[in-house]
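**Q** okay, predicted coordinates and the sequence, questions at the end:
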8 protein chains.
Amino acid sequence: MRNYTQSRFSKDDAALLLIDHQSGIMQLVHDYSPAEFRSNVLALGKIGKVFDLPVILSSSYETGPNGPIIPELLAMYPQAPVIRRPGQISAWDNEEFVAAVEATGRRKLIMAGVTTDVCLAFPAMQAAAAGYEVYGVIDASGAHDFATQSMAVQRLVMHGVTPVTWLMVAAELQRDWRNKTAEGTGKLFHEHLLNYGMLIDNHMALTGGQQ
Amino acid sequence: MRNYTQSRFSKDDAALLLIDHQSGIMQLVHDYSPAEFRSNVLALGKIGKVFDLPVILSSSYETGPNGPIIPELLAMYPQAPVIRRPGQISAWDNEEFVAAVEATGRRKLIMAGVTTDVCLAFPAMQAAAAGYEVYGVIDASGAHDFATQSMAVQRLVMHGVTPVTWLMVAAELQRDWRNKTAEGTGKLFHEHLLNYGMLIDNHMALTGGQQ
Amino acid sequence: MRNYTQSRFSKDDAALLLIDHQSGIMQLVHDYSPAEFRSNVLALGKIGKVFDLPVILSSSYETGPNGPIIPELLAMYPQAPVIRRPGQISAWDNEEFVAAVEATGRRKLIMAGVTTDVCLAFPAMQAAAAGYEVYGVIDASGAHDFATQSMAVQRLVMHGVTPVTWLMVAAELQRDWRNKTAEGTGKLFHEHLLNYGMLIDNHMALTGGQQ
Amino acid sequence: MRNYTQSRFSKDDAALLLIDHQSGIMQLVHDYSPAEFRSNVLALGKIGKVFDLPVILSSSYETGPNGPIIPELLAMYPQAPVIRRPGQISAWDNEEFVAAVEATGRRKLIMAGVTTDVCLAFPAMQAAAAGYEVYGVIDASGAHDFATQSMAVQRLVMHGVTPVTWLMVAAELQRDWRNKTAEGTGKLFHEHLLNYGMLIDNHMALTGGQQ
Amino acid sequence: MRNYTQSRFSKDDAALLLIDHQSGIMQLVHDYSPAEFRSNVLALGKIGKVFDLPVILSSSYETGPNGPIIPELLAMYPQAPVIRRPGQISAWDNEEFVAAVEATGRRKLIMAGVTTDVCLAFPAMQAAAAGYEVYGVIDASGAHDFATQSMAVQRLVMHGVTPVTWLMVAAELQRDWRNKTAEGTGKLFHEHLLNYGMLIDNHMALTGGQQ
Amino acid sequence: MRNYTQSRFSKDDAALLLIDHQSGIMQLVHDYSPAEFRSNVLALGKIGKVFDLPVILSSSYETGPNGPIIPELLAMYPQAPVIRRPGQISAWDNEEFVAAVEATGRRKLIMAGVTTDVCLAFPAMQAAAAGYEVYGVIDASGAHDFATQSMAVQRLVMHGVTPVTWLMVAAELQRDWRNKTAEGTGKLFHEHLLNYGMLIDNHMALTGGQQ
Amino acid sequence: MRNYTQSRFSKDDAALLLIDHQSGIMQLVHDYSPAEFRSNVLALGKIGKVFDLPVILSSSYETGPNGPIIPELLAMYPQAPVIRRPGQISAWDNEEFVAAVEATGRRKLIMAGVTTDVCLAFPAMQAAAAGYEVYGVIDASGAHDFATQSMAVQRLVMHGVTPVTWLMVAAELQRDWRNKTAEGTGKLFHEHLLNYGMLIDNHMALTGGQQ
Amino acid sequence: MRNYTQSRFSKDDAALLLIDHQSGIMQLVHDYSPAEFRSNVLALGKIGKVFDLPVILSSSYETGPNGPIIPELLAMYPQAPVIRRPGQISAWDNEEFVAAVEATGRRKLIMAGVTTDVCLAFPAMQAAAAGYEVYGVIDASGAHDFATQSMAVQRLVMHGVTPVTWLMVAAELQRDWRNKTAEGTGKLFHEHLLNYGMLIDNHMALTGGQQ
């Protein structure tokens, strides 16, 4: 049985891996509406900024039909390593990618891939096999349909990967609203946890802005 | 039978009315996901800018639980009339609102309200009764559930209001990609018709940006 | 084409008819969850109280498998006529029921029946044929499944009955929050338009109760 | 606008037409589960017996892939005309079928076909064009998916065919539980309106069987 | 009320218009699964071949993000006019397209567009306004989601366009299995009405192929 | 990891337990349509007959609102023990029930209860704790909604109960169509696996009945 | 494998923890309809009363956008400890909360949180890690959508938390209808297991109230 | 915990088993649309060709109602062993089938069966019990409905069978786009991962075909 108290990640021991969120392959995502999926991916991306996590991007065949990494992600991380894989389907089969992960010194990996069943599942299961604690962000990873999402999650669980959502990740990293990242997390929620954002707006309108 | 060719609207004869998109009441919308609904509302708002339509905003009880108009809409139209109704549920029951509509000189009204069955339906049916041609933008108007959306649309149709989507509105106004609003419409699609936006990104990456 | 402005109902010209909401037959409702359906039915019932509408109840075979009218409705209207039909499936086939409707002097009928396709549809279409303006409250009327609801609404529309929701009815009757029924309507929303009710709670907590 | 009071059908002026419920073609039905669809079809079939309606069956290519009419229907109506069409897709294109309908002397036709969009829609629209009042029993007619059902119903409505369910038909024919067909209708509900049947069982268990 | 018997189309008076089924824009379709939508579009395309209908293709911006017409359609109709619109969103705004339609001499138009709400709706409503009888093939036209499909169909119906499916079109054209197009229609069903195709396979296996 | 080959049940080592399928409580089932659920329950009941399994029925409070066991089940097993529990919610808390199970001498229990989360889950988890191999027939056990079904199955799996369907049970018991129960199993499929039943009908019509 | 018989909870060894059911955050719940979710939460709350369980409430930032605990819960437990967390997202990170739990002396915790993935998941997994037996009441805990609910349940299961429904909790505590809490449990079912409540009404109407 | 890195299959150690994809039984599949399911089955079939896997087909009662194996599969593998079982429901109960599997010398089995709960589940669980690593291709295996699929997957997981999709299989076998099977895999995606195929078409149109 997993022990959450001992294993939970923090901004000091986790890294964020974003795999293949390219404008071509994103067309394959049909388990979330386009607006919802993009919002989820961007929210996860911003988490890296808010908590100053090591971030690694990867893509495959950008000059082919897969297309470029979506510009918002690239713009967020101009300094992050972008591992452009020459052919490997699983990012973990690419030595440069694994080396970049190791270089972060982090053993807890928060990962998303444009498709849950392939782009996320393969490297996530390999990273788990290599001894990392792996968290798969399912709502920032897409699928052909809900059944595919559901089966991919089953497979991840069988291999020890923990399914999470971007909101779980943000909340686990923030942990306490008195931590100094609170402003960034609040802004993140305002922009991507939209019903919560509206609560904030309502509240600020009434109180003149002081929370 | 309606004759589309004779009746279709253009940027020269239409006005845009946005009713009650306030951060409180928007919590009632459950027929679209929060990210999808907000994207639809903002897309419709931007259409007014792209085509330079007369725009009228309205709200009710902003200082009460309904909350303020969502800030993105207000920021788009700092000069637009904002009819803050003192109590009328239907915007059309507010003389100032009707006067503002008449002041536009337009007879074709593109309308959305935060709830399809009330905030859109009442003024839309009244405007139709007053002789306007009325288009209800259903996906920028929310509902408690899909059944409610479906019934509200039935009622609108019985009263001569045409149901449309924000994409229909944009395409009908743009009409020809050689018209000068094309750049604005393209940007709108890039931001809110997200799968189309990714096609554009893909294409620009390959061609170096010249479409 | 219908003219909403000329036809909309008010507390002075409408009556409320609640047909066959009996604890046996309510088991047939599968297009809304039990909690949602009961909430809708009670909300509609309370509308009659808030706006002091003439209310007529009807039931069939209460001592048989259909069961008694649900106690909350009966308790709300201890003085209302309860037409217990000896056999007629359509309430409108019962002369006593029609007489009770006529005795109200109202020509606009807000009707709900435990099943949309039978208990609502038959008397609603007959009332429309008899010259009444009829509004069928679809979300306080149940159905075997969503397809049945959808087909029944189509048939009602073909026969001139307008589909509405209980919220549409409340809003149309309230019309302006400065009308004296506002407190009752606010309480109704607090209890049955639950997300709105929570907005009110939030607001009152912040402002100390003065809206 | 249709006038229900003047037009409603009765056991004395209606006929029942059951088209192409063959064990091959029934495999195409995917908008209802197999158990639900078969129950609906048999319920409609039994209505003909309970109310002693003239019944006409039709089939096409029974010796080919379409297969035989399902045995329960055939067994119910050993004397009914079975029009085995040599090639016409629409039963109404078969003169023998039209003659059989005319021979009933009935002007109100209750029709179901194994597929709503073809087997029901074509003859229903033709019968309406020929001056009959036509009722399409949608839940005893199948479809590829819910969207197809929905579009087919739209088309039927445009051509003046009224969509109904088998329950609507039974209730409209029974009209009053004091009519002598009540026992048969009660048995029908017991067998096919299963939640109602359970209410009856419950009631009989408590009261020793006397309703 | 429409009269189906007088208006139904045949291979001698109908034309088939296929608009914007391009590999880019088809990514926008989310109301059918990719495999289902492509199958529907190809089935409709093949209908033109089986019944030797005049066929017109159209596309917009093939060299931009919209992409080329899907190769299967182009390959089916190497001789058909392909109207490549320089900018008009509605094909009917393109004079060359309208001229091509008029050149067919047909007054009944079977139309599909890659998006129901724009690519189909605009030219379909214009064609109806110009006096054609127009049939919109909804399942060979896509949409962002089911709600969009539903609203677009409502609008088409308001403007006199009849919603159909590709199967309805094939069955209406075939009309009688003794007509000489039966072999082609049978092959079409085998390939695209897949459950029916399997019935045929089963039957042929048992009977040695003679139907 | 479970070993299916060693553990699979047969007609010689399994018993069938049917719990609380009473006409009152069955009204709570909303995850299957009424026709589908009843068909599943009866199919499971018939399996006991076809394979001559020891069968135990149980009910609670039949004279109260829960109602009597549905008559078809009772009629199938006039000799089976019917444990009418005086108050225990879990059948396994009733000593008489446990004794009846032990009296069968079987260690593999095929169980269904009218609600998956309570009537099935409690005794199934207890039986597993007592060392039985337990199979929960989920589609002959109902639930308030699909989420409840899903959670109940998760809990059963955590406690070592294997989720199955009635079809899985029948197929596992039949194992080989050359076993002598084949005729009974075939009849069962004809009546409850309805699409398969239609295939049989088709086949028999073509071959004159010899399979 | 878990052993249900040894582990099941009772009114003497369980405590009830209700976390963050505040009128602001409850707006985030979209996997149940508002009426259904509130009914579930109140039902769970009342269970504490019926079985006289130790109850602990907690909230965060009540004076901010999260809003106050919903008034019905507060009113039920005027004496219960209400741990108002100054910033911790997980209630279990608050020492006062853990101390309150320990003070109950109970080792079996029935927990619900306004969001399953955060407000319930974090403290539930921590409590399990601390050696408590933890039951997460999923239908009294909300989620952004059904996929989020499903993933959160997967994660809870991986960490040894058992997913249950409020009905499972009530039934497990009641265990036998002859226990003295039966009246309270019956009332609870009447109010929140609404179809069961109607069965009771039916029964009482027939029998004059004596069950 | 499974170790993906050590266990993943390749074209050199896997075999493909396709069970009972016969034109009769395929009528039972209702969890995927017919077009989607057939596309999935054919895609999986083609994988065997692309990677030159040992392939074994099996069927039962082809001359009875089950019908022949669908012709596309048979045509793909004219040389593959086709085990026509004389009666065994589970292919693994057929010695010839097991012998054929053993003859391949492969220990990793990629399996699909026309129904997930029976035709796939039984032999998959037996193969796992016999020490094979088994992958069940869920989207090339059908089910009565989504709940049945979901329960069958749960059971497979309990018995150590890994659920995958055909796309996962193809990607795991291809592993690197520089491997020589890339052209075949690309063609496979073009034909069955249709949105990806359209990306390829778009790309080739722009670049003149050189990727």
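**A** Sure, I can see it. Residues are numbered from 1 along each chain as shown, chains lettered A, B, ... in the order given.

**Q** list the buried residues in the one helix or strand A:Glu102 maps to.
**A** Per DSSP states H and E, A:Glu102 falls inside helix A:95-104. Of all the residues in helix A:95-104, those buried under the rule 16 or more other Cβ atoms under 10 Å in any protein chain shown are A:Glu96, A:Phe97, A:Val98, A:Ala100, A:Val101, A:Thr104. C-beta here means a position set from N, CA and C on the backbone, and glycine is covered the same way.

**Q** quick one: residues contacting the last one.
**A** When contacts are counted by Cβ atoms under 8 Å, 6 or more residues apart in numbering or on different chains, A:Thr104 is found next to A:Ala15, A:Pro54, A:Ile56.

**Q** which residues of chain A fall in helices?
**A** A:4-7, A:34-50, A:71-76, A:95-104, A:121-129, A:146-158, A:166-174, A:182-192, A:194-207 (DSSP state H).

**Q** dump the ones you listed into CSV; add mean pLDDT and distance to G:Gly131 as well.
**A** CSV is the format used below for these (pLDDT from 0 to 100; distance: least, Cβ to Cβ, whole Å):
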stretch, mean pLDDT, distance to G:Gly131
helix A:4-7, 88, 11
helix A:34-50, 97, 32
helix A:71-76, 96, 42
helix A:95-104, 98, 34
helix A:121-129, 97, 26
helix A:146-158, 96, 24
helix A:166-174, 98, 21
helix A:182-192, 96, 31
helix A:194-207, 89, 33
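
**Q** out of the ones you listed, deepest packed?
**A** helix A:121-129 (a mean of 26; mean count of other Cβ atoms under 10 Å in any protein chain shown).

**Q** that helix near chain H at all?
**A** Yes - Helix A:121-129 is in contact with chain H by Cβ under 8 Å from any Cβ of the partner chain, via A:Ala121, A:Phe122, A:Met125, A:Gln126, A:Ala128, A:Ala129.

**Q** do I have it right that the last one meets A:Pro123?
**A** No - taking contacts as Cβ atoms under 8 Å, A:Ala129 lies outside contact range of A:Pro123: 10.4 Å.

**Q** distance-wise, check A:Ile19 relative to chain G.
**A** A:Ile19 sits 19 Å away from chain G when distances are taken as Cβ to the nearest Cβ, to the nearest Å.

**Q** now do stretch A:175-184: distance from first to last residue.
**A** 13 Å (Cα to Cα, to the nearest Å).

**Q** any buried residues in it, and which?
**A** A:Arg175, A:Trp177, A:Thr181, A:Gly184.

**Q** what sits against the third one?
**A** When contacts are counted by Cβ under 8 Å, 6+ apart, A:Thr181 is found next to A:Lys11, A:Val50, A:Phe51, A:Leu173, A:Gln174.

**Q** pipe the residues you listed into CSV and attach distance to G:Pro71 per row.
**A** Listed next are these as CSV, based on distance: Cβ to Cβ, whole Å:
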residue, distance to G:Pro71
A:Lys11, 37
A:Val50, 34
A:Phe51, 36
A:Leu173, 33
A:Gln174, 28
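
**Q** pull the contacting residues for the residue of chain A found nearest chain F.
**A** Chain A approaches chain F most closely through A:Ser150 (10.1 Å), counting by Cβ to the nearest Cβ. Listed by Cβ under 8 Å, 6+ apart, the contact set of A:Ser150 reads G:Ser150, H:Ser150, H:Val153.

**Q** up against chain H, what does chain A have?
**A** Checking chain A against chain H by Cβ under 8 Å from any Cβ, the hits are A:24-25, A:27-28, A:60-61, A:64-67, A:86-90, A:93, A:115, A:117-118, A:121-122, A:125-126, A:128-130, A:144, A:147-148, A:150-152, A:154-155, A:158-160.

**Q** rerun that using 7 Å as the cut-off
**A** Counting by Cβ under 7 Å from any Cβ of the partner chain, the positions of chain A adjacent to chain H are A:24, A:27-28, A:64-65, A:86-89, A:93, A:117-118, A:125-126, A:129-130, A:147-148, A:151, A:154-155, A:158-160.
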